[in-house]
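> next one to model:
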Amino acid sequence: QAVPAGSHVRLNLQTGEREAKLPDSEKSDRREERRRRRYSVDVDSNSFTSQELKKALAKMKESEKAERKVRKQFPVRKKFRSIEQLKEEFEKLNMKVETDYEIMVKLISKFNSSASTLDEKAAALYDLEYYVHQV
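Numbers count the residues shown, from 1 in each chain. The predicted structure is shown next:
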């Protein structure tokens, strides 16, 4: 059943029924007044001329063009490097960068290896659990 907006609704846990109560009249009147004031916008079709609308639209287009210019001057791509570039730079520093996928493949191969001890296999499973949880 539909209830009027602003009604107090509750579920009675003893009977399992939903109950609705109309709010106190003076409080609801004040709320309704505030709501009407807040959302009332007087716009008649004659309040804006076609010329004013065209000017406003032109300003919007100009501001959009200005934003595009700013974006072109400061592209985000210049701030970041690709993963290949990062790998090359780290190799120069004798550091190897591995992706999560590469690490997971190594852990699986370590677990499947017959040369690994029980402790190494347990450690590989523990580390693998961490990476799989992220995925």
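> ok so residue 10 is a helix residue?
No. Assigned with DSSP: H, G, I helix; E, B strand; the rest coil, residue 10 falls outside any helix and is strand.
> excluding its backbone neighbours, what's nearest it?
residue 19 (5.5 Å; C-beta to C-beta, 6 or more residues apart in numbering). For every residue, glycine as well, the C-beta is placed using N, CA and C.
> wait, a strand at that neighbour?
Yes. According to three-state DSSP, residue 19 belongs to a strand.
> pull the contacting residues for it.
Contacts for residue 19 (C-beta atoms under 8 Å, 6 or more residues apart in numbering) come out as 9-12.
> longest helix anywhere in the chain?
In the chain, assigned by DSSP state H, the helix with the most residues is helix 50-73.
> what's the first helix or strand after that one?
Sequence order places helix 83-92 as the next helix or strand after helix 50-73, per DSSP states H and E.
> list the contacts of the host helix or strand of residue 123.
In the assignment (DSSP H and E), residue 123 maps to helix 118-134. For helix 118-134, the external contacting residues (C-beta under 8 Å, 6+ apart) are 100, 103-104, 107-108, 110-111, 116.
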